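Trainee: Got a predicted structure plus its sequence, pasted below:
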Amino acid sequence: MIASTVPSSSKSSINLLTYATPFKSSFLPSSFSIPPRFSPSTPRFQYLTITNVLKTADSPNLSSTASNLDSIFSNSKPTILVSEKLGDAGLDLLKSFANVDCSYNLSPDDLCSKISMCDALIVRSGTKVNRQVFEAAKGRLKVVGRAGVGIDNVDLQAATEFGCLVVNAPTANTIAAAEHAIALLSAMARNVAQADASMKAGKWQRNKYVGVSMVGKTLAIMGFGKVGSEVARRAKGLGMHVVAHDPYAPADRARAIGVELISFDQAISTADFISLHMPLTPTTSKVFNDETFSKMKKGVRIINVARGGVIDEDALLKALDSGVVAQAALDVFTEEPPKDSKLVHHENVTATPHLGASTKEAQEGVAVEIAEAVVGALQGELSATAVNAPMVAPEVLSELAPYVALAEKLGRLAVQLVAGGSGIKSVKVVYRSARDPDDLDTRLVRAMIVKGIIEPISDSIINLVNADFIAKQKGLRISEERVFANSSPGCPFDSIQVQISNVKSKFASALSDNDEISVEGRVKYGTPHLTRVGSFGVDVSLEGNLILCRQVDQPGMIGIVGGILGMNNVNVSFMSVGRTVRGKKAIMAIGVDEEPDKSTLKKIGDVPAVEEFVFLGL
């Protein structure tokens, strides 16, 4: 349940059909009034949008205006282009609402030619919906639906700029993906694919294809979301010992399945089998690399039905050749389809062509889920699966913009301070403001805090529309508190504080007196600043990256640490020292432009007066 004290007056539903914004962020609140709902049964039905209503109002003469208005209301049904095969149940739903054009295998030029006559586009992973597509649509395209989870093939920034909503279908293929992971695990353990190929080649090689048992073996699930937890349930049924790593998975949910949540390094170093179910993000890109494989138990077996890019394929090939990895079962690849891949042809690799969601039931489920989302969007609704967001009035955006940036950065800082293996359950946001609570709409700021906490290591895309929904999915309880501050009423917030409770911290000084990770910031001179970490006051601009050090409060510490960074070509942008009692303990917050290498960070840690430190990427 999401706890919130936002006044009911600020929670009016958003019902704009299309959105456009010059602001680069795609997480913007709505300040427009709700337009009337139209339906396909309404005579002379067509969609009114902020863009075309204003364009009509600005027409130079009355006859032109009348003509434009007549054009707006002239059609009875929208047109939906389906560019890749979709299940019949989904097509039937679409056809009951719209004119549906099923044109498969379109070239990029053909797609751009057709798109200007379409109100919505439904794709899978094969169609690239880039900026050129949105430009060719000339403002008519209102919704892009991705039949599946990943939206790598859709240019979200361009979609938002051109006022197009993007929705996906994230839940329907969960069971299919979990079943395929188990199928690959079993086939790999018993050499099913290799033995089958041998038999068909006329051979009988019983001794060559002796497998390994799964019962009693440890399976590490990397990413304990919907698919990962379903894999765990099935693996437990096979008699396996299951552990998992996921910084967001609630420990009680894992315990209910009989799964132990542990750190990343613990998981990969103790597992006999490793099943990957993590999203592809900048944090997880090639996270399985030479260094990672070197920490694994010799003879480990790896299954990947998530995203190809989480594995460094060259590193995996070396690990297979050396025997560190005994076998791999891969459904996804960095490049799809893979070209001249040595991995695919390796004798110890079982490969399938991205079949994770390829069951009849899953395909029908995805088709219905995306059809419902697209139809709902065309009717003016904003689905919980929307992955970009509506427009804000320029004057409101101008006021909130620095606080939006502050909120996301505080969320990113807070989650990086959580120690591995700690499941995040409860997040509290404290706003200090001189404004009347009824005049303080915190939806956007709250959404950006959720974005900062969840997005860095998740495939979830957070915006104003879906922030509370995804937080609930992740098991996060978001509560808010407003505290009166004697500051300027013209300033929306004096400060914003983010607290994460019931977790361990990799930087103990970030814990408050109540043992909560606590970071606080404010906007100064239009720029986000970190002003408090735990009980220590600091003042550092949240630009670039950040190093936090706790040290003995003694002269020369700034020079020592600054000197280490300078000698290793790391530029210091800001530095601040906070302490509670003179001569006791102090925290040094250092803003750096570059990420220091491991040897540089080790030198900082080796300074006798430094008791703990942490590097935080922003």
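Mentor: Sure, I can see it.
Trainee: Residue 296 and residue 222: what is the separation?
Mentor: Counting by CB to CB, to the nearest Å, the gap from residue 296 to residue 222 is 12 Å. Glycine gets a C-beta too; all of them are placed from N, C-alpha and C.
Trainee: can you list residues touching both of the two?
Mentor: Common neighbours of residue 296 and residue 222, counting by CB atoms under 8 Å, 6 or more residues apart in numbering, are 268, 274.
Trainee: Which one's more surrounded, these two?
Mentor: Neighbours of residue 296 and residue 222, each counted by other CB atoms under 10 Å, are more numerous for residue 222; the result is 25 against 21.
Trainee: quick one: the more buried one and residue 271, what's the gap?
Mentor: When CB to CB is the yardstick, residue 222 and residue 271 sit 9 Å from each other.
Trainee: Tell me the bridge partners for the nearest residue to residue 304 once chain neighbours are set aside.
Mentor: When the adjacent residues along the chain are set aside, residue 304 lies closest to residue 276, with 4.5 Å between them (CB to CB, 6 or more residues apart in numbering). Applying DSSP bridges to residue 276 yields these beta-bridge partners: residue 222, residue 304.
Trainee: Spatially nearest residue to residue 452, not counting backbone neighbours?
Mentor: When the adjacent residues along the chain are set aside, residue 452 lies closest to residue 411, with 2.3 Å between them (CB to CB, 6+ apart).
Trainee: How about residue 528?
Mentor: With CB to CB, 6+ apart as the criterion, residue 528 has its nearest non-adjacent residue at 3.7 Å, and that residue is residue 406.
Trainee: And for residue 110?
Mentor: Beyond its immediate neighbours in the sequence, the residue positioned closest to residue 110 (CB to CB, 6+ apart) is residue 103, lying 7.6 Å away.
Trainee: where does that neighbour land on pLDDT?
Mentor: Confidence at residue 103, expressed as pLDDT, is 96.
Trainee: Over to the one 10 residues further on?
Mentor: Residue 113 is assigned 96 on the pLDDT scale.
Trainee: tally of neighbours for the residue lying closest to it once chain neighbours are set aside?
Mentor: In space, and not counting its chain neighbours, residue 113 is closest to residue 136: 7.4 Å by CB to CB, 6+ apart. Applying other CB under 10 Å, we find 17 residues neighbouring residue 136.
Trainee: just residue 327 next, same as before
Mentor: Considering only other CB under 10 Å, residue 327 is surrounded by 23 other residues.
Trainee: cool, and residue 456?
Mentor: The number of residues packed around residue 456, counting by other CB under 10 Å, is 17.
Trainee: OK, contacts around residue 388?
Mentor: When the contact criterion is CB under 8 Å, 6+ apart, the partners of residue 388 are 19, 26, 156, 159, 160, 164, 165, 166, 461, 463.
Trainee: Which secondary structure element is home to residue 298?
Mentor: In this assignment (DSSP states H and E), residue 298 forms part of neither any helix nor any strand.
Trainee: nearest residue to it other than its sequence neighbours?
Mentor: Skipping the residues right next to it in sequence, residue 298 comes nearest to residue 324 by CB to CB, 6+ apart, at 5.7 Å.
Trainee: Am I right that that neighbour is in contact with residue 293?
Mentor: Yes. Taking CB atoms under 8 Å as the contact criterion, residue 324 and residue 293 are neighbours in contact, 5.4 Å apart.
Trainee: quick one on the thing from earlier: neighbours around the residue nearest to residue 452, how many?
Mentor: Around residue 411 sit 27 other residues, with neighbours defined as other CB under 10 Å.
Trainee: quick check, distance from the strand or helix carrying it to the centre of its chain.
Mentor: When secondary structure is defined by DSSP H and E, residue 411 falls within helix 394-416. For helix 394-416, the separation from the chain centroid amounts to 17 Å (computed by CA atoms, centre = their mean, to the nearest Å).
Trainee: helices or strands up against it?
Mentor: For helix 394-416, the packing partners by 3 or more CB pairs under 8 Å, 6 or more residues apart in numbering; DSSP states H and E come out as helix 443-454, strand 495-501, strand 517-524, strand 527-533, strand 610-617.
Trainee: And the first one, what's buried?
Mentor: Read that as helix 443-454. Buried residues in helix 443-454, defined by neighbour count with 16 or more other CB atoms under 10 Å: 443, 444, 445, 446, 447, 448, 449, 450, 451, 452, 453, 454.
Trainee: which one is residue 523 nearest to, not counting chain neighbours?
Mentor: residue 402 (4.4 Å).
Trainee: what's near enough to touch the one you found?
Mentor: With CB under 8 Å, 6+ apart, residue 402 has these contacts: 523, 526, 527, 528.
Trainee: same thing with residue 432?
Mentor: Taking CB under 8 Å, 6+ apart as the definition of contact, the neighbours of residue 432 are 482, 483, 484, 485, 487, 493, 494, 495, 496, 497.
Trainee: Which of those scores worst on pLDDT?
Mentor: When the contacts of residue 432 are sorted by pLDDT, the bottom entry is residue 487 at 81.
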